[in-house]
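Novice: next one to model:
(chains A and B, ligands or ions: 2)
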Amino acid sequence: MLKIHAVSKTFFPQTVNEVRALRGIDLTIEEGSFTCIIGTNGSGKSTLLNAVAGTFFPDSGTIRVGEADITRWTEYQRARLIGRVFQNPFAGTAAEMTIAENIVLAMKRGLSHPLTAALNKSTKSEIGDRVRMLKMGLEDRLDNPIGTLSGGQRQALTLLMATWLRPRLLLLDEHTAALDPKSAAKIAELTKLIIHQEKLTALMVTHSMQQAVDLPDRIIMMHKGQIVEDFQKEQKKRVRIPDLLDTFDRVQKRELMDESVAEMLIRDYV
Amino acid sequence: MKIEAVKTENALLIKISGRLDASWSDYFTDTFLEYIRNGEHYLVIDAGELTFLSSAGIRSLVRISKELNRVKGLLRLIQANDFVTGTLRMTGFGEWLADVAPEDLLVVSDDTNDKSEDTDVFVLKKDARIVVEVVSAWKPWQQVKEKEVAMHEFQADSFALGIGSPYDKLAGKESKYGDFVTFCGHVVYQMPEDRSRPDYLIPVADFVPTLQTIQCLHGRGEMSHLWRFAPEAEKERQGISELASRALAMTNAEQAAFVILAETEGLVGAYMIQSPGAEQAFKPNDFVEMRQWLSFCGEPAYTGEQSLVFGIVSRRDSPDNSGLLVPLASNPGLAMHAHAVIFPYQPLQNGVLDLKNQIAKFFNGPPPKGVMHLLDDDRPTLGLGESLFTRGAMWCAPVQWKEETV
Ligand SMILES: Nc1ncnc2c1ncn2[C@@H]1O[C@H](COP(=O)(O)OP(=O)(O)O)[C@@H](O)[C@H]1O
Ligand SMILES: [Mg+2]
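Specialist: Ligands and ions are numbered 1, 2, ... in the order given. Got it, this is the predicted structure:
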């Protein structure tokens, strides 16, 4: 479904601040699969999602969704295919607009005249039905400004809006990280539910090992702009938190293999 | 609760006072397990001032007694009051009670405690030797050719180390050659993939563990000597090169095979995480690519665990027709090759240990944690040095090279 081939991205190239954020990423995501990306801070997880969403163009490599090569599509062009939820619950919604109005905006995304659509009765009842599945009682507050809601409630709505039009690909970037633990668990659960119900293809960055173990079908670990581990299928099923911690350890340990170690090993490891 | 230990001639006398209940039982257990770890296997508790014993306390005593049973040790309580005596009798642990006055366990002062060096050396079988066969046709990191692969069956008297695979495929990625080590026919093999635990093959009934090897030192025979070592005032730990050199001295040989079973201070080594096969693995000194092939420990590993090591050591001026022995930085007179398997810690019995029994015990216990090719890391300033051990046993025997080796 999503095919990322040899994608690289360097920020501030040839300056002292040069960051090789993505180093030749190869990744194929199957239709209807749910993948979590974990990795240390700065390992390139967000950059990878941004590359897919079209926030910038990669320096090299290609990105395909289905048959389409979207490498040179703008972020706006890709928005028809891709739903996104970010860490900040206040991103992606308009605080002074009501819940219903925000949702109407999301429903019209990708249309040429987004704001002309009216909020008629039948739309409103459809909205009510779908908001009810969040089980947060928000269906009774559709006319309240979204700014009056808690972070968890807003993130639940953002998730609903991002998936309203059944995007071909759902990108979630640490979307529970800014929430209190209880809300985070609730949103994680909702995420899994919606992805399964709507049979979405999803790529989710998480800082939570527990989520990585509980939610997806596949776990990818990034380190310094590369994919260093990939737990899929049966392998994924048996992964537990200590396995992920071990893997982090191993990945860091690989870093210790420098030229001096290599020389010693060439000489002594016969 | 207070715990005070005094070393006596035959036992450790531990005076405990206060209550042994849930709030103290963990501390109590840990303190006693530490005594056992330090080689004290006869523990006599002076319970004269023990006022109360709860079921949590009894659970601690059971745990300690179990550990002692494994090393053929002994637990006794003396001077227990009526309450403690009654509790132990009622719960079926009356056998722990003894009727000895603490004065009768002669107190020994610390300075007479030093043992002379040779009291812990045992001659097991005077002319035992290990006959070693070598497979070394494959040259590291090159493509594996079919004629370089040799099948080895490991019998009950086999000790071996090398790179091998329990799978049939000889070449290609499916071959899965990884580091292995064999003790008395028991094989531990590290799948060449750094996320998997080692696999092991145990000889049961008619099953003979077999590997396809591309590198192998396979010795058969019996060990001639045993040395039991423990921390001493001047020497708290033993480096593997010291142990190896000791093996040569004890066997009075030019080349010796040795098995170390010991508590680990730290292991230094590496293991293969990708199998050599159809292609040249990597170009020498391409360390970035090398990371995909070898996992280096990075820091001394497995502290406090029990290591089981098989190695062959040779004096450097003596001929070794293996090509697999590497000069030791910490001991320039020696060349060695050693592989270790790491098991969770279990205390060892004192005195003469039977190698076969120990191997069976460890292989039938909790699974091994890793396999490593031990290295002597002599890099200037950054070097981790060699593998170190605190207490344990080393069996060894002279090596004789088998005539028609590959
Ligand atoms: N827009 C940008 N401009 C410059 N540097 C960036 C930009 N985005 C990310 N980086 C850098 O790229 C590296 C990877 O960042 P990021 O993908 O956000 O990591 P992660 O999400 O895994 O924590 C970091 O060093 C970060 O500072
Ligand atoms: Mg990020």
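
Novice: run a quick neighbour tally on B:H218.
Specialist: 26 (other CB atoms under 10 Å in any protein chain shown). The way it works is simple: take the backbone N, C-alpha and C, and place the C-beta from them, glycine included.

Novice: low-confidence ranges, chain A, go.
Specialist: For chain A, residues meeting the criterion pLDDT under 70 lie at A:109-119.

Novice: partner strands of the helix or strand containing B:S314, parallel or antiparallel?
Specialist: Counting by DSSP states H and E, the element that carries B:S314 is strand B:306-315. Here strand B:306-315 is paired, per DSSP bridges, with strand B:255-266 (antiparallel), strand B:334-343 (antiparallel).

Novice: of all those, which lies closest to B:S295?
Specialist: The closest of these to B:S295 is strand B:334-343. By CB to CB, the value is 13.9 Å.

Novice: mind checking the pLDDT average for the closest one?
Specialist: Computed over strand B:334-343, the mean pLDDT rounds to 96.

Novice: stretch B:132-140 too?
Specialist: 88.

Novice: re earlier: chain center to the strand holding B:S314: distance?
Specialist: 10 Å (CA atoms, centre = their mean, to the nearest Å).

Novice: list the buried residues of it.
Specialist: B:306-315 (16 or more other CB atoms under 10 Å in any protein chain shown).

Novice: I'd like the average pLDDT over the very next helix or strand once past that strand.
Specialist: Counting by DSSP H and E, the element after strand B:306-315 in chain order, helix or strand, is strand B:326-327. Per-residue pLDDT values over strand B:326-327 give a mean of 90.

Novice: just to revisit the earlier point, need the buried residues of strand B:306-315 in JSON lines (columns: distance to A:H223 and pLDDT).
Specialist: As requested, these are exported to JSON lines (distance: CB to CB, whole Å; pLDDT from 0 to 100):
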{"residue": "B:Q306", "distance to A:H223": "32", "pLDDT": "97"}
{"residue": "B:S307", "distance to A:H223": "30", "pLDDT": "98"}
{"residue": "B:L308", "distance to A:H223": "33", "pLDDT": "98"}
{"residue": "B:V309", "distance to A:H223": "32", "pLDDT": "98"}
{"residue": "B:F310", "distance to A:H223": "35", "pLDDT": "98"}
{"residue": "B:G311", "distance to A:H223": "35", "pLDDT": "98"}
{"residue": "B:I312", "distance to A:H223": "38", "pLDDT": "97"}
{"residue": "B:V313", "distance to A:H223": "39", "pLDDT": "96"}
{"residue": "B:S314", "distance to A:H223": "41", "pLDDT": "95"}
{"residue": "B:R315", "distance to A:H223": "45", "pLDDT": "92"}
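
Novice: show me what from the stretch 1-150 of chain A comes close to ligand 1.
Specialist: Within the stretch 1-150 of chain A, the positions near ligand 1 by CB under 6 Å from any ligand atom are A:11, A:19, A:21, A:39, A:41-47.

Novice: now list the buried members of the residues you listed.
Specialist: Looks like these have A:21, A:39, A:43-47 buried, using 16+ other CB under 10 Å.

Novice: which ones among the residues you listed are found in helices?
Specialist: Assigned to helices by DSSP state H, the following of those qualify: A:45-47.

Novice: quick one: contacts for the most centrally placed residue in chain A?
Specialist: The C-alpha lying nearest the average C-alpha coordinate of chain A belongs to A:L172 (CA atoms, centre = their mean; 2.4 Å). A:L172 makes contact with A:84-85, A:159, A:191, A:202-206, according to CB atoms under 8 Å, 6 or more residues apart in numbering or on different chains.

Novice: helices of the stretch 51-200 of chain A, start to end?
Specialist: For the stretch 51-200 of chain A, helices defined by DSSP state H, counting those that start in this stretch occupy the ranges A:75-78, A:99-107, A:121-132, A:151-163, A:181-197.

Novice: how close does B:H339 get to B:I240?
Specialist: Going from B:H339 to B:I240 by CB to CB, to the nearest Å gives 11 Å.

Novice: can you list residues touching both of the two?
Specialist: Joint contacts of B:H339 and B:I240 (CB under 8 Å, 6+ apart) are B:309, B:311, B:374.

Novice: and the helices of the stretch 51-200 of chain A: which comes nearest B:V62?
Specialist: Closest among the helices of the stretch 51-200 of chain A, once you apply CB to CB, is helix A:181-197, at 39.1 Å.

Novice: residues of chain A that sit close to chain B?
Specialist: By the rule CB under 8 Å from any CB of the partner chain, the part of chain A lying against chain B is A:229, A:243, A:246-247, A:250, A:253-254, A:256-270.

Novice: buried ones among the residues you listed?
Specialist: Judged by 16+ other CB under 10 Å, buried ones among the residues of chain A next to chain B: A:229, A:243, A:247, A:250, A:253-254, A:257, A:261-262, A:264-266, A:268-270.

Novice: and those residues, which is closest to ligand 2?
Specialist: A:E229 (17.7 Å; CB to the ion).

Novice: now the closest one: which helix or strand?
Specialist: Taking DSSP H and E as the criterion, A:E229 maps to strand A:226-231.

Novice: pull out the buried positions in the very next helix or strand once past that strand.
Specialist: Where DSSP H and E defines the elements, the next helix or strand beyond strand A:226-231 is helix A:233-237. Residues A:K236 are the ones in helix A:233-237 that count as buried (16+ other CB under 10 Å).

Novice: list the strands paired with the top strand by length along chain B, with their directions.
Specialist: In chain B, with assignment by DSSP state E, the single longest strand is strand B:388-401. Next to strand B:388-401 in the sheet, as set by DSSP bridges, lie strand B:130-135 (parallel), strand B:225-229 (antiparallel), strand B:238-239 (antiparallel), strand B:255-266 (antiparallel).

Novice: what is the least confident helix or strand in chain B?
Specialist: helix B:287-290 (a mean of 79; mean pLDDT, DSSP states H and E).

Novice: for the helix or strand just after it, name the packing helices and strands.
Specialist: For helix B:287-290, the following helix or strand on the C-terminal side (DSSP H and E) is strand B:294-296. Where contact means 3 or more CB pairs under 8 Å, 6 or more residues apart in numbering or on different chains; DSSP states H and E, strand B:294-296 is packed against helix A:241-255, helix A:259-268, strand B:269-272.

Novice: tell me the contacts of residue 85?
Specialist: As the question left the chain open, I've gone with chain A. A:V85 neighbours (CB under 8 Å, 6+ apart): A:92, A:155, A:158-159, A:162, A:170-173, A:175.

Novice: that's the wrong chain, I meant chain B
Specialist: So B:T85 contacts B:L97 (CB under 8 Å, 6+ apart).

Novice: state the distance from it to ligand 2.
Specialist: Taking CB to the ion, to the nearest Å as the measure, B:T85 falls 65 Å from ligand 2.

Novice: could you check the pLDDT of the residue lying farthest from the centre of chain B?
Specialist: The C-alpha centroid of chain B is most remote from B:D82, which lies 43.6 Å away (CA atoms, centre = their mean). Per-residue pLDDT puts B:D82 at 93.

Novice: try the one 4 residues further on
Specialist: Per-residue confidence (pLDDT) for B:G86: 93.
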